[in-house]
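Enquirer: Output the structure for:
(4 chains, ligands or ions: 4)
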Amino acid sequence: MTMDPGGARRLLERMTLIRAFEETVQSSIGEGGLGGLVHLSIGQEAVAAALADVVQGADRVYAGHRAHGHALALGAEPWRVMAELMGKADGLCRGKGGSMHLVDVAHGFFGATGVVGGNIPLALGTAFAIRPRGGVAVVVFGDGAAQSGYFHESLNIAALWRLPVVLVCENNGYAEFTPRSAHTVVERVARHAETYGVRASTVDGNDVLAVRDAAAASLEHARGGAGPALLECLTYRMRGHYEGDPAGYRAASEVADWREKDPVARFGRVATERGWLSAADVAAIDRDVRAMLAQAVDRARRSPDPQASELTEDVHG
Amino acid sequence: MTMDPGGARRLLERMTLIRAFEETVQSSIGEGGLGGLVHLSIGQEAVAAALADVVQGADRVYAGHRAHGHALALGAEPWRVMAELMGKADGLCRGKGGSMHLVDVAHGFFGATGVVGGNIPLALGTAFAIRPRGGVAVVVFGDGAAQSGYFHESLNIAALWRLPVVLVCENNGYAEFTPRSAHTVVERVARHAETYGVRASTVDGNDVLAVRDAAAASLEHARGGAGPALLECLTYRMRGHYEGDPAGYRAASEVADWREKDPVARFGRVATERGWLSAADVAAIDRDVRAMLAQAVDRARRSPDPQASELTEDVHG
Amino acid sequence: MAERTYIAALREALALEMRRDATVHVIGEDVAEGGPFGATKGLAEEFGRGRVLDTPISEGTVMGMATGMALAGLRPVVEIMFIDFLTLAMDQLVNQAAKACYMSGGQLACPLVVRTAAGAGRRYGAQHSQSLEAWLMHVPGLKLAVPATAADAAGLLMSAIRDDDPVVVVEHKILYYRKEMLDVLEPVPLGRAAVRRAGRDVTIVATARMVDEALAAAETLRSDGIDAEVIDPRTLVPLDLDTIVSSVRRTRSCVIAHEAPLRGGIGAELAALVQEHAIDSLDAPVARVGAPDVPVPAAPALEDAYIPGRAAIAAAVRGVVSPSRR
Amino acid sequence: MAERTYIAALREALALEMRRDATVHVIGEDVAEGGPFGATKGLAEEFGRGRVLDTPISEGTVMGMATGMALAGLRPVVEIMFIDFLTLAMDQLVNQAAKACYMSGGQLACPLVVRTAAGAGRRYGAQHSQSLEAWLMHVPGLKLAVPATAADAAGLLMSAIRDDDPVVVVEHKILYYRKEMLDVLEPVPLGRAAVRRAGRDVTIVATARMVDEALAAAETLRSDGIDAEVIDPRTLVPLDLDTIVSSVRRTRSCVIAHEAPLRGGIGAELAALVQEHAIDSLDAPVARVGAPDVPVPAAPALEDAYIPGRAAIAAAVRGVVSPSRR
Ligand SMILES: Cc1ncc(C[n+]2csc(CCOP(=O)(O)OP(=O)(O)O)c2C)c(N)n1
Ligand SMILES: Cc1ncc(C[n+]2csc(CCOP(=O)(O)OP(=O)(O)O)c2C)c(N)n1
Ligand SMILES: [Mg+2]
Ligand SMILES: [Mg+2]
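Expert: Ligands and ions are numbered 1, 2, ... in the order given. Down below sits the predicted model:
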């Protein structure tokens, strides 16, 4: 895919937004209702940013428990995402969902899911439903989900029915505290697609341009009626599994190696090298995004708690 | 593996027993309590007969809903299997299990299961438990089970933990009324093993010697500590899915083709050709088995109904 | 008047709804061939394989797919061949379908229907004979229908399909071939009980197969001088509690009958509600009739002893109706 | 006396049992690292990875494997990290483990233990906060423990491990860090209720987190002149009904409190039993306190409103205790 200054700005803004948002969550956890089980995507921003770049209006996106970035990248208002995390009345889901259940239908984000692997079947069904309108369903999950029955049952059915669904695996090498090698002998998640003749690719998940190219090709494949595609993005989470996890199960050197591959800083360098953005642009993006975010956090904080009557509303549609 | 007259007699007796047993069930269904959901294995006898030949004392076997043959081959007393099908007090499980839940612990048969695919995890756990005693767990399931999450989750864990388990798939081309091609794009079940580096073989499931050789190699592999093995046996059920299914979804020509490959008749021919048995031996085996079975059926019929007090016994161990 | 079986009524209701609304899809194992009981027979021929979707044996994923279809605006009707296999699909049903509307703050609706066959009596053994409706009653977000007649099987299914929430229709496999005179199939509203027999002396609340058993018990009880009212709630969520409670206020005694094991069954909730709302009217404790707390045995002699029936219901009634009323 | 948390007591009980009996194995996700709450911390170091088995995210298969281990003579203790994910493992638990002994006519035994964390209160949202014990109570063949204290968490787990049947121990995640003075860990028999507070005017039956809430309510109620008895059943299967019923016969009123939504909750069964066995002693209907019939909301304000507590229990008590007794 081609890239131009506008596109580069968009990608960098999105990644910066996710990074800054997650850092804010990290530093304010425990304050003002911000708590629960919070999984940050610091280090994995490139995947969400790239996917949002290639998703179209008729498409629908599902993500897993580590989903703030996907909601934001697709256009959810940061202050409402923050309000949802804080359990406020103006939250994306009026405070009822929380970090693992963000939904933003207006932006095609059918939502985050707290059950590992459980979103893959949902995406298949949605793909079936939106196929007549030219839509593609995208579902994002971790490498841990690839050992769940859902993943395999779904690969089989998606291939059989040639569903327009793109399975995006954020392979960060760990499921909670356990490295992938303790969960499977299969090194690459993409390997599973071969069995079904499903198009698959494995990319450097910290290279936003590589992810964007691969995602675009995957969605095009699915949209064109050629059936599902699997896209594996090799990446790393810089934080513990959830906020509160000291992550003592990882070697410091491993973390340090990945810090070198920081996707946000890396794309900032690339964008300046290629002349899409100046160093000043990059700095301004960071500054502007953080300023905007500070206001968003304020606004979220000022949002009231949901009324008690909300408790029994929305049980039925 | 070598074969001699004694071995050939044993195999043919077992296959004949299964065939005659199933034919008896078929013709007496509806009489004397014989009913329920009954899945016959006419046409698939070779797999059970061959497996029983290579299973050892420390081993444990699980089968699925089509399991009469496996229980019989492993040594369950025919009259007690019949009594179980009839719901009699002398049934293998005192009448509580029925056709889909035959268990004969004394013969290492941990049992039949009515939930498709559900026996595979059980076998993994049992394999783990009996490994220290040199035991191998064998689990038999149909091609329909290969699309269940259990199969895939289990393949992964079996490979990861190098469990001494042999997964035997009786691939008869159909799951209930639906051909395999409508359930998956993957032609051979054995294909799935490759992903995990699991030893796999696909054999003519109507050739009892081929199944026996492959099963022996699979169990040896597992017993030796080399991890799980998958054995796919291509076969066909000559009856409907269950008794009462007219099986109108299959072409007459397909059924006729498979009738030519009848595993019992075929091994009778092979055994005479190779000089292991005479034609008279073969005829005598058939006659003797059927005579024995007639007595078994009688004995089962004479068994009383379970007492009402049985209803609330055995809920707890 | 035409005579129709429960299964034929279901089949016709599905066809009617599929004709009426192109978003209705049928999905499940062997549904294109009609399934083992024939509930979907002929639908693939009429509506094509694009709307009658045969699936592999992957209940969990199929339930999730149907949910994903519903979230995107279709009206899927999933068949789980036996309720026993709902155990493989509870995650999607309970964690996704039932909660989608709530967790999204009302952004998502999930017009999903699940049809499934429950019940013992066919000698199918412990893994094909359960009655698990009590679990579903305990899941906020789900609605739950338990039809006892052909008219209700069709009518509740039609209402379920038109409802914007996930609805589980628990069919009883022994009722599938029950015949009744039935001309027009029409929606039966969710949440309205049917008084199957009016009576003055006791209220029997019975569901599914136990409705006929309760009616038979009521006939027997006439010779005891007891005039029983038989109420079929038809849906357990929403529950028409008013009809039950006002009946009990009149009859002053109540027996609840269901097929599932007693412990934790739907009778527990019904008994708790009745005593809560009508204890002052009760001459005796609310009695419950159900199966013993054991798996379903396969042997005919044991299965027949397992399934509660008219005799147990009549005995329970005799235990609660005060002699002064006879 | 040493101060111990509920989670520490669980951990020690596991270690004690593993030392005592080499057939005891721990299996589940991240158990070698101790799990998110630390229940299994240190076990891998002491007993090795051969007895503390980390599994992939495959709950259904893991439950089946543990069942297969139990059928072959081991005593596996499975951890299902959140009870919400038991929905992925119900088939194996309900169709295999619970029924193996019965279906085999007594040939097989299944000494399986399932440990799982239930309960709301940590702002984890609708898929990590449920209380599903009512489902388990309805499954013949399963036993069910719901410990409310550290001593019981350890003691019931020890008994569960030594029991020859499948036992589910439902732990409450809010209680994990509850501390109590506790010296010796010893088995607590299954089926024996604990009277947490003796009282004359009302019987409050409360489970898990609601036990402390009931005790707090009882304190409040003193100023109303109400002396409440608080009973913790500790196990729901088997159930120590005698202790509950004989208390109600004395106090003449009963309130049942659990955290799960009311409809179809365990309170239904308890209320049904109490009215069945003690209706003549009751001055008022058995009252139930539980959550509303909604999914668990994530927002602190809503989750706090969702979880039933001392105020609701006290209010229910005031509703059932007749003014003459105060
Ligand atoms: C079905 C299920 N089992 C267990 C959990 C607990 N859990 C939450 S995240 C997680 C690990 C997920 O790993 P992965 O899929 O690789 O995603 P990552 O966290 O690495 O992004 C686990 C086991 C869960 N949420 N759902
Ligand atoms: C989990 C589950 N889903 C559905 C069924 C209903 N059912 C019984 S047998 C069967 C087909 C099984 O096909 P296969 O595994 O190929 O075995 P075969 O009958 O061909 O021997 C199905 C769908 C079941 N028993 N279990
Ligand atoms: Mg991961
Ligand atoms: Mg088959």
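
Enquirer: Where do the strands of the stretch 151-300 of chain C begin and end?
Expert: For the stretch 151-300 of chain C, strands defined by DSSP state E, counting those that start in this stretch occupy the ranges C:167-172, C:179-181, C:194-197, C:202-206, C:228-232, C:235-237, C:254-261, C:287-291.

Enquirer: Next up, phi/psi of residue A:175, please.
Expert: Geometry field for residue A:175 lists phi and psi as phi -120, psi 110, criterion degrees, to the nearest 10.

Enquirer: what pLDDT does the nearest residue to it once chain neighbours are set aside get?
Expert: Computed as CB to CB, 6 or more residues apart in numbering or on different chains, the closest residue to residue A:175 that is not its neighbour in sequence is residue A:144, at 2.8 Å. Any C-beta I mention is one placed from the backbone N, CA and C, and that applies to glycine too. With respect to pLDDT, residue A:144 has a value of 98.

Enquirer: before we move on, what about residue A:131?
Expert: Per-residue confidence for residue A:131 comes out at a pLDDT of 98.

Enquirer: Could you measure from it over to residue C:65?
Expert: 13 Å (CB to CB, to the nearest Å).

Enquirer: Just the element for residue C:311, please.
Expert: When elements are assigned from DSSP states H and E, residue C:311 belongs to helix C:310-320.

Enquirer: So what's the gap between that helix and the chain middle?
Expert: Its chain's average C-alpha position is 22 Å from that of helix C:310-320, according to CA atoms, centre = their mean, to the nearest Å.

Enquirer: Can you list phi and psi of residue A:195 for me?
Expert: According to degrees, to the nearest 10, residue A:195 has phi -50, psi -30.

Enquirer: now the helices for the chain?
Expert: As the question left the chain open, I've gone with chain A. With DSSP state H as the definition, chain A shows helices at residue ranges A:5-28, A:45-54, A:68-74, A:78-86, A:119-130, A:149-161, A:191-195, A:208-223, A:252-260, A:263-273, A:279-302.

Enquirer: That was the other one, I meant chain C.
Expert: With DSSP H as the criterion, chain C has helices spanning C:6-20, C:43-47, C:59-71, C:90, C:100-103, C:133-137, C:150-162, C:209-222, C:241-251, C:266-278, C:300-306, C:310-320.

Enquirer: possible to save the strands of the stretch 151-300 of chain C as CSV with distance to residue D:129?
Expert: Rendered in CSV, the data for the strands of the stretch 151-300 of chain C read as follows (distance: least, CB to CB, whole Å):
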stretch, distance to residue D:129
strand C:167-172, 22
strand C:179-181, 45
strand C:194-197, 37
strand C:202-206, 32
strand C:228-232, 35
strand C:235-237, 21
strand C:254-261, 27
strand C:287-291, 30
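
Enquirer: Out of those, which is closest to ligand 4?
Expert: Ranking the strands of the stretch 151-300 of chain C by distance to ligand 4, with CB to the ion as the measure, places strand C:167-172 first at 25.9 Å.

Enquirer: interface residues of the stretch 51-200 of chain A facing ligand 3?
Expert: Remark: the part of the stretch 51-200 of chain A in contact with ligand 3 comprises A:142-144, A:172, A:174-175, using CB under 5 Å from the ion.

Enquirer: hang on, isn't residue C:58 packed against residue A:158?
Expert: No. Look at residue C:58 against residue A:158 with CB atoms under 8 Å: they stay out of range, at 11.4 Å.

Enquirer: rewinding a little: residue A:131 and residue C:65: which is more packed in?
Expert: Set side by side, residue A:131 and residue C:65 show more neighbours around residue C:65, with 33 against 21, by other CB atoms under 10 Å in any protein chain shown.

Enquirer: could you measure that one against residue C:210, distance?
Expert: Using CB to CB, which is the criterion applied here, residue C:65 is 34 Å from residue C:210.

Enquirer: now the closest residue to ligand 3 within the stretch 51-200 of chain C, nearest residue through space, not along the chain?
Expert: Each residue of the stretch 51-200 of chain C has a distance to ligand 3, by CB to the ion, and the smallest belongs to residue C:91, at 19.7 Å. If the residues on either side of it in the chain are set aside, residue C:91 comes closest to residue D:87, at 3.9 Å by CB to CB, 6+ apart.

Enquirer: Pretty sure the one you found sits against residue C:96.
Expert: No. Counting by CB under 8 Å, residue D:87 stays clear of residue C:96, with 9.9 Å between them.

Enquirer: what about the nearest residue to residue A:222 once chain neighbours are set aside, how many neighbours?
Expert: When the adjacent residues along the chain are set aside, residue A:222 lies closest to residue A:164, with 4.2 Å between them (CB to CB, 6+ apart). When counting by other CB under 10 Å, one arrives at 29 neighbours for residue A:164.

Enquirer: what's near enough to touch residue 84?
Expert: In the absence of a named chain, this looks at chain A. A:91-93, A:95, A:97-99, A:102, D:298 (CB atoms under 8 Å, 6 or more residues apart in numbering or on different chains).

Enquirer: ah, I was thinking of chain C
Expert: Residues touching residue C:84, when contacts are defined by CB under 8 Å, 6+ apart, comprise B:114-115, C:127-130, C:132, D:95.

Enquirer: cool, residue C:288 as well?
Expert: Applying CB under 8 Å, 6+ apart, one finds that residue C:288 lies in contact with C:255-257, C:262, C:265, C:267-268, C:271, C:316, D:272, D:276.

Enquirer: Let's see that with 6 Å instead.
Expert: Contacts for residue C:288 were tallied using CB atoms under 6 Å, 6 or more residues apart in numbering or on different chains; they are C:256, C:262, C:267, C:271.

Enquirer: same check, this time on residue C:57
Expert: Residue C:57 makes contact with B:116, B:144, B:147-148, according to CB under 6 Å, 6+ apart.

Enquirer: just the residues you listed now: which is nearest ligand 1?
Expert: Sorting the contacts of residue C:57 by distance to ligand 1 puts residue B:148 at the head of the list, at 16.7 Å, by CB to the nearest ligand atom.

Enquirer: how deep is the residue nearest to residue A:175 tucked in, by neighbour count?
Expert: Residues lying near residue A:144 (other CB under 10 Å) number 26.

Enquirer: Kindly report the same for residue A:81.
Expert: When neighbours are counted by other CB under 10 Å, residue A:81 registers 25.

Enquirer: tell me how far stretch C:297-314 is from the chain's mean position?
Expert: Its chain's average C-alpha position is 19 Å from that of stretch C:297-314, according to CA atoms, centre = their mean.

Enquirer: in it, what counts as buried?
Expert: Buried residues in stretch C:297-314, defined by neighbour count with 16 or more other CB atoms under 10 Å in any protein chain shown: C:297-310, C:312-314.

Enquirer: State the mean pLDDT of that stretch.
Expert: In this model, stretch C:297-314 carries a mean pLDDT of 98.

Enquirer: Quickly check: it near chain B or not.
Expert: Yes. If you take CB under 6 Å from any CB of the partner chain as the test, stretch C:297-314 does meet chain B, through C:297-302, C:305.

Enquirer: one step back: looking at the helices of chain C, which is buried most?
Expert: Comparing those by mean neighbour count (mean count of other CB atoms under 10 Å in any protein chain shown), helix C:59-71 ranks first with a mean of 31.

Enquirer: can you list contacts of that one?
Expert: A:121-122, A:124-126, A:128-129, A:150, A:153-154, C:27, C:55, C:76, C:78, C:85, C:88-89, C:92-93, C:96-97, C:108, C:110-112.

Enquirer: if I read this right, residue A:145 contacts residue A:118, doesn't it?
Expert: No. Under the criterion of CB atoms under 6 Å, residue A:145 makes no contact with residue A:118, lying 8.6 Å away.
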